[in-house]
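>>> Test case, fold it:
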Amino acid sequence: MKIASLAEIKKELKFLNEKELHELILDLSKFSTDNKAYLFFKLFEKENPRIFVEMVKEELELEFEKANTRNYHFAKKSAQLIRRKLNKNLKLSKDKTAQIELIIFFCDKLKEYGYLQFRHPVIENLFQTQIGKAKKLVEKLHEDLQYDYLQLLEELPEVR
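Predicted coordinates for the structure are as follows:
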């Protein structure tokens, strides 16, 4: 079975009435938690634009608190798990400033919880990759915002 293109889906959605669209959206939200989270953020970000950032920060903070950092192997696995959750959440937002804030938050927590003290190459590469992502996103912002976020990035430690 061949899946229809996005353009074809858009055309078909135009033929649905409001009730059918409502049911389709509810079915999509029941299908996966990612869909439900995306729908939640899109519906409620109009009232509180910071809701996405705050909720993701809370989720990441909980993950850092319960992570096992007794030795470098467990710390590496925990950092990779938290990074996967971060990346999953970054896909839910198209706002570059929110993405940068979350990446800086993640890197700051890696430092705060002592992950960088292990000097493990995987953890260091993970950290450097996230810093690189943030820098690329900062380049796409307005100059005033670039300055602010570059200041935050410079406060993070250099690895190596």
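
>>> What backbone torsions are found at residue 140?
Backbone geometry at residue 140, expressed as degrees, to the nearest 10, gives phi -90, psi 0.

>>> meant to ask about residue 156
According to degrees, to the nearest 10, residue 156 has phi -70, psi 150.

>>> mind listing what the residue most central in space within the chain touches?
What sits nearest the mean C-alpha location of the chain, by Cα atoms, centre = their mean, is residue 90, with 2.6 Å. By Cβ atoms under 8 Å, 6 or more residues apart in numbering, residue 90 lies in contact with 99, 102, 103. Where C-beta positions appear, they are placed from N, C-alpha and C, glycine not excepted.

>>> Give me the number of neighbouring residues for the last one.
What that stands for is residue 103. Neighbour count of residue 103, defined by other Cβ atoms under 10 Å: 25.

>>> Buried ones in the helix or strand hosting it, by neighbour count?
Assigned by DSSP states H and E, residue 103 belongs to helix 96-112. For helix 96-112, burial by neighbour count (16 or more other Cβ atoms under 10 Å) applies to 96-107, 109-110.

>>> could those residues be laid out in CSV, adding pLDDT and distance to residue 10?
Shown next, in CSV, are the buried residues of helix 96-112 (pLDDT from 0 to 100; distance: Cβ to Cβ, whole Å):
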residue, pLDDT, distance to residue 10
96, 92, 25
97, 93, 28
98, 93, 26
99, 94, 26
100, 95, 30
101, 95, 31
102, 96, 29
103, 96, 31
104, 95, 35
105, 96, 35
106, 96, 34
107, 95, 38
109, 94, 39
110, 93, 40
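
>>> Distance to residue 24 for the residues you listed - can I get that in JSON lines?
What follows is these, written out as JSON lines (distance: Cβ to Cβ, whole Å):
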{"residue": "96", "distance to residue 24": "30"}
{"residue": "97", "distance to residue 24": "31"}
{"residue": "98", "distance to residue 24": "27"}
{"residue": "99", "distance to residue 24": "28"}
{"residue": "100", "distance to residue 24": "33"}
{"residue": "101", "distance to residue 24": "32"}
{"residue": "102", "distance to residue 24": "30"}
{"residue": "103", "distance to residue 24": "33"}
{"residue": "104", "distance to residue 24": "37"}
{"residue": "105", "distance to residue 24": "34"}
{"residue": "106", "distance to residue 24": "34"}
{"residue": "107", "distance to residue 24": "39"}
{"residue": "109", "distance to residue 24": "38"}
{"residue": "110", "distance to residue 24": "40"}
